[in-house]
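**Student:** Quick one, fold the following:
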Amino acid sequence: MKEKFLKLTIILLAGFAFYACGTNEPPAEKPVSQATSPQAQQPNITDVAAKAPEPTPVAGEPSNVMEFFAALPDKYFTLEGCDRGTDKDCKKARAEYLKTFTEVSDIKNGYFKGGCDGAQSCIEMAIFKRPDGRYLVGVYVSHELIDKNYFLDYENGSWKDVSTAVVPGFSNKNLYELPREGTTVKVFAKIITEQGDDYEISEKGKKLYDLVWKDGKFTKK
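**Tutor:** The predicted structure is shown next:
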């Protein structure tokens, strides 16, 4: 009997000890809700920037250098042999020029170069993208009697010469070498070797400076 009472006492004491130890543990912390945590309420700036839409040109307007060439008016580049009475916008003459004279057609880098023969002028074009998605169009036209640079805006079917507005110190006494790659224009002095009432023969002189295209504008370097 004594033995049974001793065993029961030991069991009861062990149980009380276990219970006492368990009640000394601190209560478990309640997990913070992700919906109400300060980190969850703040937007991820990197993700927001990554999802920002890229500006794009207006629908229906040229978006690469060859499309700008197709829309370039006779005022800036004359296609010889175009019968303007039967060939609207000189589309046939333009296609023939591309077939015969294309030297470089680099749509990826926004550059085009076409050669010349006799009365037909050569042409170089390069496009420079603005922050709003539109383009500035650089054009260089040359043949044996003239060298001419233009920097043009195109909007809603209309062209505008903005050379003096967008190019610091723009001058017809300079030659502006359009880039095949990149967006830096090299500027050279134009040396006139012969000149008449309706013609001018020139050659490239010393390099003057670079024009660097950044954030939609040129700066001298």
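**Student:** Wait, a helix at Asp210?
**Tutor:** No. Counting by DSSP: H, G, I helix; E, B strand; the rest coil, Asp210 is not part of a helix but strand.
**Student:** and the closest residue in space to it that isn't next to it in sequence, what is it in contact with?
**Tutor:** Once flanking residues are discounted, Asp210 sits nearest to Lys221: 4.5 Å by C-beta to C-beta, 6 or more residues apart in numbering. Bear in mind the C-beta positions are built from the backbone N, C-alpha and C, glycine included. By C-beta atoms under 8 Å, 6 or more residues apart in numbering, the residues touching Lys221 are Thr184, Tyr209, Asp210, Leu211, Val212.
**Student:** which among those residues end up buried?
**Tutor:** Taking 16 or more other C-beta atoms under 10 Å as the criterion, what is buried in the contacts of Lys221 is Leu211.
**Student:** With distance to Ser158 and pLDDT added, can I get the contacts of Lys221 in TSV?
**Tutor:** Shown next, in TSV, are the contacts of Lys221 (distance: C-beta to C-beta, whole Å; pLDDT from 0 to 100):
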residue	distance to Ser158	pLDDT
Thr184	28	98
Tyr209	31	97
Asp210	30	98
Leu211	25	98
Val212	28	98
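**Student:** quick one: which of the contacts of Lys221 is nearest to Phe77?
**Tutor:** The nearest member of these to Phe77, counting by C-beta to C-beta, is Leu211 at 21.8 Å.
**Student:** give the contact list for the closest residue to Glu61 other than its chain neighbours.
**Tutor:** In space, and not counting its chain neighbours, Glu61 is closest to Tyr154: 6.9 Å by C-beta to C-beta, 6+ apart. Neighbouring residues of Tyr154 by C-beta under 8 Å, 6+ apart: Glu61, Pro62, Phe68, Ala71, Arg134, Tyr135, Val137, Lys160.
**Student:** hey, what's Tyr154 bridged with?
**Tutor:** For Tyr154, the beta-bridge partners under DSSP bridges are Trp159.
**Student:** Report the separation between it and Leu136.
**Tutor:** Distance, Tyr154 to Leu136, by C-beta to C-beta, to the nearest Å: 9 Å.
**Student:** Just give me the closest of the contacts of Tyr154 to Leu175.
**Tutor:** Sorting the contacts of Tyr154 by how near they are to Leu175, with C-beta to C-beta, puts Val137 at the top with 17.5 Å.
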